[in-house]
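1. predicted coordinates and the sequence they were generated for:
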Amino acid sequence: MNEENITRIQIGTKEYILIGTAHVSKNSAELVKEVIETEQPDSVCIELDQGRYESITEGQKWQDMDIFKIIKEKKTTLMLINLALSSFQKRMADQFGIKPGQEMIQAIESAKDIDAKLVLADRNIQTTFARVWANIGFKGKMTLLSEIIYSIFSKETITEEELEQMKSKDTISSVLNEFTEHFPELKQPLIDERDQYLAEKIRRAPGKKIVAVLGAAHVPGITKEIHKRQNLNELTKVPPKSKWPKIIGWSIPLFIVAIIAYTFFMNPDAGLQQTWSWILWHGSLAALGATIALAHPLAILTAFVAAPITALNPLLAAGFFAGFVQAIVRKPNVKDFETLSNDITSVKGFWQNKVTRILLIIVLSNLGSSLGTFIGGADVLRLFFKNI
């Protein structure tokens, strides 16, 4: 057995065997099978939460997706990011002719074969996202999103030898150091906290011999953290939302309305100019976003009409209305859901599939409307100072 990617830890009477894997590596899956069959552990811990476990064991249940519910709950951006990240992993898996997460599937099957206790050791992905998102400012959010989009649609490929090198501790350390330099705010919730959470779940696993199947990036941290007791309640707290976005969200439209109202009182013609500027900038840019997403003409018209109104109410968004209309006039069919996992592996597929097109319409229309707030608002102020 190749011990290069295996870390053994003895704490009292318990032995922990950590297997560092690459999530799309055929060799990782083979190593997992060999270690579990050879070691016959009492428990097998895997780097999955309940949601991802169900996704892997039951398949991607795209057919059960309720697109209207996603729009209502304002989860379109999160859904789009999840699909985009899935596409990156699937493209890598397709490159090597294996399923994404094959090493986790193998761990689940091998644990069942030897009647070992299966432990879902990772933190809920929604909790991690919430803590990551709360840790970065607007600039960090934009930078992170751009990096994700670039990595998804990049055509770069890697060899299986390079993939295997990713599992070495030296390579992982250098990657993490580079990651921390670019996004220092993200390392704690994305890596350090999950190391602590995983370490505690592994430490608590029943039995005297425990095998843990983990992404190689987490092995050094878990090796250090497993000797301490971790507070899982603290690690799963979702940070409260800041009041400032809500305050700013209401302040800007109230300020704009007050400026236009005052201008109307002083100079009705100038006030009318401001109103048309607000309507045209918002409507045009939101409609442009919907057009870029190849929306139906009715959805484009909806974005144009809704944007100037929804911009005055932070609880509403033009993209949601445009998305609803698109979902009604171009309702996704069974085929769209069945081909979704393949369509998301290319830019063309993202635009062609009716499901992802709806998500793109919502996101791009909202982005256009947001730009309209800055440009239209600036023009309203210009006309105000010009005519007072």
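-> Perfect, I can see it now. Numbering: from 1, shown residues only.

2. could you chop this protein up by domain?
-> Split into domains by automatic domain parsing, the chain comes to 6-235, 244-387.

3. weakest of these by average pLDDT?
-> Out of the domains of the chain, domain 6-235 stands lowest, with a mean of 77 (criterion: mean pLDDT).

4. turn the domains of the chain into CSV, columns for mean neighbour count.
-> Where you see a C-beta, it was placed from the backbone N, CA and C, and this is true even at glycine. Below are these laid out as CSV (neighbours: other Cβ atoms under 10 Å):
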stretch, mean neighbour count
domain 6-235, 17
domain 244-387, 19
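
5. and the gap between the nearest residue to residue 102 once chain neighbours are set aside and residue 40?
-> Closest residue in space to residue 102, ignoring its immediate chain neighbours: residue 29 at 4.4 Å, by Cβ to Cβ, 6 or more residues apart in numbering. Residue 29 sits 19 Å away from residue 40, taking Cβ to Cβ, to the nearest Å as the criterion.

6. same question, residue 128
-> Here the criterion is Cβ to Cβ. By it, residue 128 lies 32 Å from residue 40.

7. what sits against the residue nearest to residue 102?
-> Residues in contact with residue 29 (Cβ atoms under 8 Å, 6 or more residues apart in numbering) are 98, 102, 103, 105, 106.

8. hmm, residue 33 and the last one touching each other?
-> Spelled out, that is residue 106. Yes. With contact defined as Cβ atoms under 8 Å, residue 106 counts as touching residue 33 (5.2 Å).

9. out of the contacts of residue 29, flag the one nearest to residue 191.
-> residue 103 (19.3 Å; Cβ to Cβ).

10. surely the closest one is in a strand?
-> No. Under DSSP: H, G, I helix; E, B strand; the rest coil, residue 103 falls outside any strand and is assigned helix.

11. where's it relative to residue 217, distance?
-> Applying Cβ to Cβ, the value for residue 103 to residue 217 is 14 Å.

12. also residue 238?
-> Distance from residue 238 to residue 217, by Cβ to Cβ: 23 Å.

13. so the nearest residue to residue 123 once chain neighbours are set aside, which of the three states?
-> Closest residue to residue 123 apart from its sequence neighbours, by Cβ to Cβ, 6+ apart: residue 197 at 4.5 Å. Following three-state DSSP, residue 197 is assigned to helix.

14. residue 122 is in contact with residue 197, correct?
-> Yes. With contact defined as Cβ under 8 Å, residue 197 reaches residue 122; the gap is 7.1 Å.

15. which SSE is the residue nearest to residue 102 in?
-> Assigned by DSSP states H and E, residue 29 belongs to helix 26-39.

16. how about that helix as CSV, C-alpha atoms only?
-> Output in CSV follows, covering the C-alpha atoms of helix 26-39 (Å, rounded to 0.1, in the frame of the first residue of the first chain):
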residue,chain,number,x,y,z
LYS,A,26,-9.1,7.7,-10.2
ASN,A,27,-6.1,6.8,-8.1
SER,A,28,-7.7,8.4,-5.0
ALA,A,29,-10.7,6.2,-5.3
GLU,A,30,-8.5,3.1,-5.7
LEU,A,31,-6.5,4.1,-2.6
VAL,A,32,-9.6,4.6,-0.6
LYS,A,33,-10.9,1.1,-1.4
GLU,A,34,-7.5,-0.5,-0.6
VAL,A,35,-7.1,1.3,2.7
ILE,A,36,-10.6,0.5,4.0
GLU,A,37,-10.4,-3.1,2.9
THR,A,38,-6.9,-3.6,4.5
GLU,A,39,-7.5,-1.6,7.7
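
17. just checking: what are the partner strands of the next helix or strand after it?
-> Of the helices and strands lying after helix 26-39 in sequence (DSSP H and E), the nearest is strand 43-46. Here strand 43-46 is paired, per DSSP bridges, with strand 117-120 (parallel), strand 209-215 (parallel).

18. can I get whichever helix or strand comes after the last one in PDB? Just the C-alpha atoms.
-> Going down the chain from strand 209-215, the next helix or strand is helix 219-225, by DSSP H and E. Once side chains and other backbone atoms are set aside, the C-alpha atoms of helix 219-225 remain, and they are given as PDB (Å, rounded to 0.1, in the frame of the first residue of the first chain):
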ATOM      1  CA  VAL A 219      -5.000  17.000   6.000                       C
ATOM      2  CA  PRO A 220      -2.300  19.200   7.500                       C
ATOM      3  CA  GLY A 221      -4.900  21.300   9.400                       C
ATOM      4  CA  ILE A 222      -6.800  18.300  10.700                       C
ATOM      5  CA  THR A 223      -3.600  16.700  11.800                       C
ATOM      6  CA  LYS A 224      -2.900  19.700  14.000                       C
ATOM      7  CA  GLU A 225      -6.500  20.300  15.100                       C
END
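
19. who are the packing partners of helix 219-225?
-> strand 6-11, strand 14-21, helix 169-182, helix 193-204 (3 or more Cβ pairs under 8 Å, 6 or more residues apart in numbering; DSSP states H and E).

20. ok, then the element right after it?
-> The C-terminal neighbour of helix 219-225 among helices and strands, as given by DSSP H and E, is helix 232-235.

21. can you give the contact residues for stretch 35-45?
-> So stretch 35-45 is contacted by 1, 6, 17, 19, 107-108, 110-111, 113-114, 116-119, 121, 198, 201-202, 205-213 (Cβ under 8 Å, 6+ apart).

22. measure that stretch end to end?
-> End-to-end distance of stretch 35-45 (Cα to Cα, to the nearest Å): 13 Å.

23. now do it: distance to the chain's middle.
-> With Cα atoms, centre = their mean, to the nearest Å as the basis, stretch 35-45 stands 32 Å off its chain's centre.

24. quick one: residue 57 and residue 108 touch, right?
-> Yes. Counting by Cβ under 8 Å, residue 108 is a contact partner of residue 57 at 6.7 Å.

25. distance of residue 319 from residue 381?
-> Distance of residue 319 to residue 381, given as Cβ to Cβ: 25 Å.
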